[in-house]
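Participant: quick one: sequence and predicted model below, then my questions.
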Amino acid sequence: DYPIIEATGEKTIEVAREYVAQGTRAIITRGGNLEILRSNLINAVLVDVRYTYEDMYFSFKKAKKYSNKIACIGLNLAFDVATKFKNISGEDFLLINPESVNHIDTRVKKLTEEGIEVVIGGITVARAAKKYNLKSVMIEVDETSLEIALNEAISILNFKLEQLKNFETIKQILNTTADGIVAFDKTLEIMYINNRAKKLITDKSNTFAVDHIKNLPKIRDTIEYGTETYSELIENGDNSLVLSSRPLKVGNIIFGAVVSIQKTIHIQTTEKEIRKKLKPKGHIAKKYFHDIIGKSYTLSKTIEKAKRFAKSDSTILITGQSGTGKEIFAQSIH
């Protein structure tokens with residue numbers, strides 16, 4: 001079900017763009033067409049049908065049926081494989097590597113003057129040969145090479161589909177969080193920003209103001225040295241924001257930073273709501289003075305003092321070495 005198009009030069013670009021506009025996501029080609037599309041097409045996967053020794057062998061065998069005065073014209077990889085074939089086989093033929101597709105016509109015309117009777121090459125070579133009354137043989141396409149190219153194209157597209165699924169999942173997760181999230185690359189360009197972050201760092205004139213954040217020394221330190229930052233307070237217009245940053249890295253290689261942003265008022269409101277909800281659930285002090293085990297004079301005096309302090313609403317500081325029971329005293333006082 002794959003459409004097969006025969007084209008070269010500008011026609012290749014025109015046809016490829018039409019198919020991409022209609023939804024084509026992968027194009028399989030070779031030789032000069034591959035080079036042309038690499039320079040003029042960015043919205044599709046390009047897969048190369050590699051030239052093989054067998055391609056050249058069968059093409060040369062077919063050409064010899066017409067004449068022994070043979071020239072092979074190939075660009076880049078085609079030329080490299082033809083060179084390898086000539087060196088290994090010991091066959092005598094003229095090997096030409098034109099500067100570009102546009103130079104092929106001139107080279108073919110010159111070959112007629114040099115006594116060449118048959119040329120091996122791609123579609124452009126075949127058209128030029130017909131123009132100057134030369135026999136031509138298209139370079140064979142090995143069935144195995146074509147099958148490999150098809151499987152490669154399918155594998156790449158499946159991989160890209162999984163990438164898109166993962167990206168879309170992460171994007172939706174980040175857009176449901178209450179925090180603003182911004183990911184910067186190594187050069188401090190934005191790789192991703194969620195909707196919440198756009199609202200938090202947009203000024204009154206609705207201008208997107210991210211420079212203030214990315215120029216913070218601590219954010220730069222995160223990208224440069226991998227230093228993590230927590231609860232950095234900044235002013236952005238009328239908003240007080242709290243920023244935290246963590247490095248983005250693979251192994252020991254840092255490639256950016258992700259910054260989370262919250263309004264201070266949002267943090268304060270959230271804290272109050274949590275306290276209200278936790279109190280009825282019993283998230284309060286659970287220990288009492290009678291839970292304190294011990295009968296020493298010092299401990300008894302300390303309990304007596306704590307009970308007196310418990311009648312006050314003042315803040316109480318409890319000091320003591322680790323493991324002496326400060327937590328139990330705190331809960332008992334509550």
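Facilitator: It's in.
Participant: what segments of this structure are strands?
Facilitator: All strands of the chain, identified by DSSP state E, fall at 26-29, 45-48, 70-73, 94-96, 118-121, 135-138, 180-185, 190-193, 229-236, 239-250, 253-263.
Participant: any chance of the ones you listed in a markdown table with mean neighbour count as columns?
Facilitator: Every residue, glycine included, has its C-beta placed from N, CA and C. Below are these laid out as a markdown table (neighbours: other Cβ atoms under 10 Å):
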| stretch | mean neighbour count |
| --- | --- |
| strand 26-29 | 19 |
| strand 45-48 | 18 |
| strand 70-73 | 25 |
| strand 94-96 | 18 |
| strand 118-121 | 27 |
| strand 135-138 | 19 |
| strand 180-185 | 20 |
| strand 190-193 | 16 |
| strand 229-236 | 14 |
| strand 239-250 | 17 |
| strand 253-263 | 19 |
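Participant: can you tell which of these is closest to Val81?
Facilitator: Among the strands of the chain, the nearest to Val81 by Cβ to Cβ is strand 70-73 (9.8 Å).
Participant: so what touches the closest one?
Facilitator: Residues from elsewhere that reach strand 70-73 (Cβ atoms under 8 Å, 6 or more residues apart in numbering): 56, 59-60, 63-64, 82, 86, 93-98, 104, 107-108, 111, 116-121, 125.
Participant: just the buried members of these?
Facilitator: Neighbour counting by 16 or more other Cβ atoms under 10 Å classes 56, 59-60, 63, 82, 86, 93-94, 96-98, 104, 107-108, 111, 116-121, 125 among the contacts of strand 70-73 as buried.
Participant: most remote residue from the chain's center?
Facilitator: Distance to the chain centre peaks in the chain at Tyr297, reaching 68.3 Å (criterion: Cα atoms, centre = their mean).
Participant: and Lys61, how many neighbours?
Facilitator: A count of nearby residues for Lys61, using other Cβ atoms under 10 Å, gives 12.
Participant: and Glu327, by the same measure?
Facilitator: Residues near Glu327, counting by other Cβ under 10 Å: 12.
Participant: any idea how far the closest residue to it other than its chain neighbours is from Thr315?
Facilitator: Among residues not flanking Glu327 along the chain, Lys287 sits closest, at 7.8 Å (Cβ to Cβ, 6 or more residues apart in numbering). In this view, Lys287 and Thr315 are 19 Å apart by Cβ to Cβ, to the nearest Å.
Participant: OK, contacts around the residue nearest to Glu327?
Facilitator: Residues near Lys287 by Cβ under 8 Å, 6+ apart: 327-328, 331-332.
Participant: report the separation between the closest residue to Ile219 other than its chain neighbours and Lys62.
Facilitator: Nearest-residue entry for Ile219: Ser245, 5.4 Å, with adjacent residues in sequence omitted and distances by Cβ to Cβ, 6+ apart. Distance, Ser245 to Lys62, by Cβ to Cβ: 65 Å.
Participant: ok, Glu273 next?
Facilitator: From Glu273 to Lys62 the distance is 81 Å (Cβ to Cβ).
Participant: more neighbours, those two?
Facilitator: Between Glu273 and Lys62, counting by other Cβ under 10 Å, Lys62 is the more crowded of the two (14 against 10).
Participant: grab the most central residue of this protein for me.
Facilitator: For the chain, the residue nearest the mean C-alpha position is Gln163 (8.3 Å; Cα atoms, centre = their mean).
Participant: give the contact list for it.
Facilitator: So Gln163 contacts nothing (Cβ under 8 Å, 6+ apart).
Participant: state the pLDDT value of it.
Facilitator: Looking at Gln163, its pLDDT reads 90.
Participant: tell me how far it lies from Ala183.
Facilitator: 16 Å.
Participant: ok, now Thr169?
Facilitator: Thr169 sits 15 Å away from Ala183, going by Cβ to Cβ.
Participant: with Gly256 instead?
Facilitator: Distance from Gly256 to Ala183, by Cβ to Cβ: 6 Å.
Participant: list residues touching both of the two?
Facilitator: By Cβ under 8 Å, 6+ apart, Gly256 and Ala183 have these common neighbours: 191, 248.
Participant: in the stretch 101-250 of the chain, which segments are predicted with low confidence?
Facilitator: 202-209, 236-239 (pLDDT under 70).
Participant: how about a cut-off of 80?
Facilitator: 101-102, 174, 178, 200-215, 231-240 (pLDDT under 80).
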